[in-house]
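Colleague: make a model of this:
(chains A and B)
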Protein chains: 2
Amino acid sequence: MTPPIPGARIDRASGVTAPAGFTAAGVAAGIKPSGAPDLALVVNNGQERPAAGVFTTNKVKAAPVLWSQQVLTMGELRAVVLNSGVANSCTGPHGFADAHHTAEEVARALTASGQETGAVEVAVCSTGSMGDLLPMPAVLAGIHGAVGQLGAGGDSATSAARAIMSTDTVAKQAALVAAEGWTVGGMAKGAGMLAPALATMLCVLTTDARATADQLDRALRHAVRYTFDRLDVDGATSTNDTVLLLASGASGIYPGDDELAAAVKAVCEDLAEQIMADAEGATKQVLITVSGAANESEALAGARVVARDTLVKTALFGSEPCWGQVLAAIGNAPIMLDPDRTSVFFNDLPGCRDGVAAPGVDTIDLAGARIHVRVELGIGSGKATIRTADLSHGYITANSARSS
Amino acid sequence: MTPPIPGARIDRASGVTAPAGFTAAGVAAGIKPSGAPDLALVVNNGQERPAAGVFTTNKVKAAPVLWSQQVLTMGELRAVVLNSGVANSCTGPHGFADAHHTAEEVARALTASGQETGAVEVAVCSTGSMGDLLPMPAVLAGIHGAVGQLGAGGDSATSAARAIMSTDTVAKQAALVAAEGWTVGGMAKGAGMLAPALATMLCVLTTDARATADQLDRALRHAVRYTFDRLDVDGATSTNDTVLLLASGASGIYPGDDELAAAVKAVCEDLAEQIMADAEGATKQVLITVSGAANESEALAGARVVARDTLVKTALFGSEPCWGQVLAAIGNAPIMLDPDRTSVFFNDLPGCRDGVAAPGVDTIDLAGARIHVRVELGIGSGKATIRTADLSHGYITANSARSS
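Modeller: Numbers count the residues shown, from 1 in each chain, chains lettered A, B, ... in the order given. Below you'll find the model as predicted:
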């Protein structure tokens, strides 16, 4: 499914406007009290507008998710409007009406600027505090400001990426030019546990490839499955998580299914890596690999349990080669394993072999910013990796302050 | 199954020796470098010795658990030896031989003191650092010291309860005299997340009721299901968790199944409450109730997901009425719910009703040491409560220091 693309290279200096046919903008609409940029717009100016989306699996879905899911059933998107500061989550019918109104205003503003658009072609994404209603006058004015600033340059993409930051410390974008002359770009905001209740991952991907909505959907689901779905900072799935993929067709090139999936996955992989590195409160990037499992799905289930174990995450904050905690964690996973055949490695150094301490384990130095924990089950060939972070004082500080 | 016992009252000044027919001791054997008490012994001197046990569900089981599970298949116990300081977990065949050797030495010392005992009548429990072997000379000498100090008084019970503490700050015991003239006693050590890898719950219960091993087993499983199984400080299940129930028959009274189960459950309930209050790093005792679920099992599953949500637990440390985080957490639970019918209460004050903020939610004061979070799903009559704690800086400090 995912062949390497010869000569492909990720470029973090550009993002959603790297593919031909897209414009973007980011403005300070006044949704955030700080006055920081908080409203972004991405517009597909191509002759084609197929699109696909993947949304939170949380049963509690924010109003913009409910709106965008409806819109996506058409398989087309002209634009995506995103805001930070207020998540418009747990806001009931009023919140849904606000999301709808937001899309209508984008359609109206684009149409007024000569780009005929309907509200049902506009997806809405929000991130920020839960339970609060959007300050609609600011949002509506911000939309007109953003439409006026739409541009196809790298600066416009970067402005958009900045406007969706919540407690992210850096804007996150990436683009990849495939050798065949078509491009995939994207921007994202963090899934790291952020300030209270801002734990949302938003991502907009663009491409100038020609593709059907179904093809985009397959490529996106494949990419998300292996990237964002394996990014698990603290086990939380927000009410607002949204990943969208829009295609303009402007390159005129039809990539094959595998090529498209590989390119989209490569961009998602890079954005996931950026999100992990910027998880709030995290002092270490942690990769948890389970290998030698009965199959890939068991490996993934095991890696997820270890990645969510607070004892393991806290011990890693302390740079401890905590093989006992890792063994105890995997022992609670609903998978096949034999403790006496299970080994744990830290950055490839043995912490324990076949269930007992490895010689020299106490001298393993995990002071660095990146720790790779690998659990080898010795049963089969199933393997999977979860990206996570340590659990630190910074996390507690960030998430225990009253949001109001 | 659990009728109230008329006139029953919990007494925390006594413990495992409150029922007739039991002696106990606690000594400093030198297993802990600090010199604190670290070895306890509980002996059943009755004519009958039926016993039952419930053990960790972790696939990675410590050597003493493997030993005690074997011993319990006989349905009889003469004695339980417990140590703190070293968990004898992840120690392979050598560790199992040490557990076996420990039981043999107890049998030998009791026999030498005139109490004929076989090793297969001796259960072994350990708590402490993982991966380390027991210092057997200290353990063996400690066993003889403990046998020499066995006593039936309250002081002896308290000494035993002290000797099983790891980072518990207080000894935990309880006894209940049933109106009919028979008694249940018990001692426990904490399941709160303790110093690195010391996260074990041990509990020994005694009774002078006359009962079969099968009856004890039913009573114990019932009690554990509603008490210790609903105590979830950080989602971890240790490799050493053990709960044992021994009956001496010394009262001569045969309680009915329901009476016995109710009395055992009442003692377990009190010990669980003591463990919650002493969870390391915890600043608040937190009860998570889910009500109005489709059934009890769905309520329990929902409460467990909320109780394990790090965002919720961290926000509660900050005394925040975090109804949004609670809604987002329950939305990830694998249970039936409708966000628009879900309400959240903090100490009975509404945080949100039917999925949207309740008026005045920002003024809810959660500064106290006990917080009761209730999620009402409005679907059925299923209800369950999990005892947990907040997630604080103290937890991070306690669990990020290197154990060596």
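Colleague: dump the residue contacts of the nearest residue to A:Gly92 once chain neighbours are set aside.
Modeller: Distances taken as C-beta to C-beta, 6 or more residues apart in numbering or on different chains put B:Val356 closest to A:Gly92, at 4.2 Å, once the chain neighbours are dropped. For every residue, glycine as well, the C-beta is placed using N, CA and C. Listed by C-beta atoms under 8 Å, 6 or more residues apart in numbering or on different chains, the contact partners of B:Val356 are A:90-92, A:131.
Colleague: mind listing which of the residues you listed are in strands?
Modeller: Judged by DSSP state E, strands contain none of these.
Colleague: of those, closest to A:Ile335?
Modeller: Nearest to A:Ile335 among the contacts of B:Val356 is A:Cys90, at 34.5 Å by C-beta to C-beta.
Colleague: burial count for that closest one?
Modeller: Neighbour count of A:Cys90, defined by other C-beta atoms under 10 Å in any protein chain shown: 27.
Colleague: kindly confirm my reading that A:Arg221 is in a strand.
Modeller: No: read with DSSP: H, G, I helix; E, B strand; the rest coil, A:Arg221 is helix and lies in no strand.
Colleague: residues contacting it?
Modeller: Each residue near A:Arg221 by C-beta under 8 Å, 6+ apart is listed here: A:52, A:54.
Colleague: the residue of chain A positioned farthest from its centre and chain B, how far apart?
Modeller: Relative to the average C-alpha location in chain A, and by C-alpha atoms, centre = their mean, no residue lies farther out than A:Pro359, which sits at 39.5 Å. Separation of A:Pro359 from chain B (C-beta to the nearest C-beta, to the nearest Å) stands at 12 Å.
Colleague: tell me the SS of that residue?
Modeller: Following three-state DSSP, A:Pro359 is assigned to coil.
Colleague: A:Ala24 too?
Modeller: A:Ala24 is classified as strand under three-state DSSP.
Colleague: which phi and psi does the closest residue to it other than its chain neighbours have?
Modeller: Of all residues not flanking A:Ala24 in the chain, A:Ala160 sits nearest, at 4.1 Å (C-beta to C-beta, 6+ apart). Main-chain dihedrals, A:Ala160, degrees, to the nearest 10: phi -60, psi -50.
Colleague: and for the one 4 residues further on?
Modeller: Note on A:Ile164: backbone dihedrals following degrees, to the nearest 10 are phi -100, psi 0.
Colleague: mind listing what it touches?
Modeller: A:26, A:40, A:82-84, A:125, A:127, A:187-189, A:202.
Colleague: let me know the closest of these to chain B.
Modeller: Using C-beta to the nearest C-beta, A:Thr127 is the member of these that sits closest to chain B, with 12.8 Å.
Colleague: for the closest one, give me its contacts.
Modeller: Applying C-beta under 8 Å, 6+ apart to A:Thr127 gives the contacts A:82-84, A:87, A:164, A:166, A:189, A:198, A:200, A:202, A:240.
Colleague: sort out for me which of the residues you listed are in strands.
Modeller: A:82-84, A:189, A:202.
Colleague: okay if I get the contacts of B:Val356 as TSV plus distance to B:Thr56 and pLDDT?
Modeller: Output for the contacts of B:Val356, formatted as TSV (distance: C-beta to C-beta, whole Å; pLDDT from 0 to 100):
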residue	distance to B:Thr56	pLDDT
A:Cys90	38	93
A:Thr91	43	95
A:Gly92	44	94
A:Gly131	39	91
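Colleague: count the neighbours of A:Ala369 for me.
Modeller: 11.
Colleague: surely it and A:Ala282 touch.
Modeller: No: judged on C-beta atoms under 8 Å, A:Ala369 makes no contact with A:Ala282 at a distance of 9.4 Å.
Colleague: show me the shaky parts of the stretch 101-250 of chain A.
Modeller: Residue ranges of the stretch 101-250 of chain A with pLDDT under 70: A:179, A:191-199.
Colleague: count the neighbours of whichever residue of it sits closest to chain B for me.
Modeller: Proximity of the stretch 101-250 of chain A to chain B (C-beta to the nearest C-beta) peaks at A:Met130, 3.1 Å away. Look at A:Met130: counted by other C-beta under 10 Å, it has 29 neighbours.
Colleague: quick check on A:Gly378: phi, psi?
Modeller: Dihedral angles (degrees, to the nearest 10) for A:Gly378: phi 70, psi 30.
Colleague: list the contacts of it.
Modeller: A:Gly378 neighbours (C-beta under 8 Å, 6+ apart): A:292, A:338, A:341-343, A:354.
Colleague: overlap between those and the residues near chain B?
Modeller: Checked against chain B using C-beta under 8 Å from any C-beta of the partner chain, these yield the following neighbours: A:342, A:354.
Colleague: let me see the contact set for the residue nearest to the spatial centre of chain A.
Modeller: Residue closest to the average C-alpha location in chain A (C-alpha atoms, centre = their mean): A:Met201, at 4.7 Å. When contacts are counted by C-beta under 8 Å, 6+ apart, A:Met201 touches A:188-191, A:228, A:231, A:238, A:241-243, A:275.
Colleague: now, which of those residues lie close to chain B?
Modeller: Contacts with chain B within the contacts of A:Met201, as defined by C-beta under 8 Å from any C-beta: A:Ser238.
Colleague: so which residues of the stretch 101-250 of chain A form helices?
Modeller: Using DSSP state H, counting those that start in this stretch, the helices assigned to the stretch 101-250 of chain A run over residues A:136-148, A:154-163, A:213-226.
Colleague: what's the most buried one of those helices?
Modeller: Highest mean neighbour count among the helices of the stretch 101-250 of chain A (mean count of other C-beta atoms under 10 Å in any protein chain shown): helix A:154-163, with a mean of 24.
Colleague: who are the packing partners of that helix?
Modeller: Using 3 or more C-beta pairs under 8 Å, 6 or more residues apart in numbering or on different chains; DSSP states H and E as the contact test, the elements touching helix A:154-163 are strand A:22-27, strand A:39-44, strand A:79-86, strand A:172-177, strand A:183-189.
Colleague: let's see the helix or strand harbouring A:Gln70 as PDB, backbone CA atoms only.
Modeller: Following DSSP states H and E, one finds A:Gln70 within helix A:63-72. Written as PDB, here are the backbone C-alpha positions of helix A:63-72 (Å, rounded to 0.1, in the frame of the first residue of the first chain):
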ATOM      1  CA  ALA A  63     -20.900  21.400  16.800                       C
ATOM      2  CA  PRO A  64     -18.300  22.000  14.000                       C
ATOM      3  CA  VAL A  65     -17.700  18.200  13.700                       C
ATOM      4  CA  LEU A  66     -21.400  17.600  13.400                       C
ATOM      5  CA  TRP A  67     -21.600  20.300  10.700                       C
ATOM      6  CA  SER A  68     -18.500  19.100   8.800                       C
ATOM      7  CA  GLN A  69     -19.600  15.500   8.800                       C
ATOM      8  CA  GLN A  70     -22.800  16.500   7.100                       C
ATOM      9  CA  VAL A  71     -21.000  18.600   4.600                       C
ATOM     10  CA  LEU A  72     -18.600  15.800   3.700                       C
END
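Colleague: list the contacts of that helix.
Modeller: Residues contacting helix A:63-72 (C-beta under 8 Å, 6+ apart): A:51-53, A:55-56, A:61, A:77, A:88-89, A:91, A:95-96, A:98-100, A:102-103, A:120-126, A:239-242, A:244.
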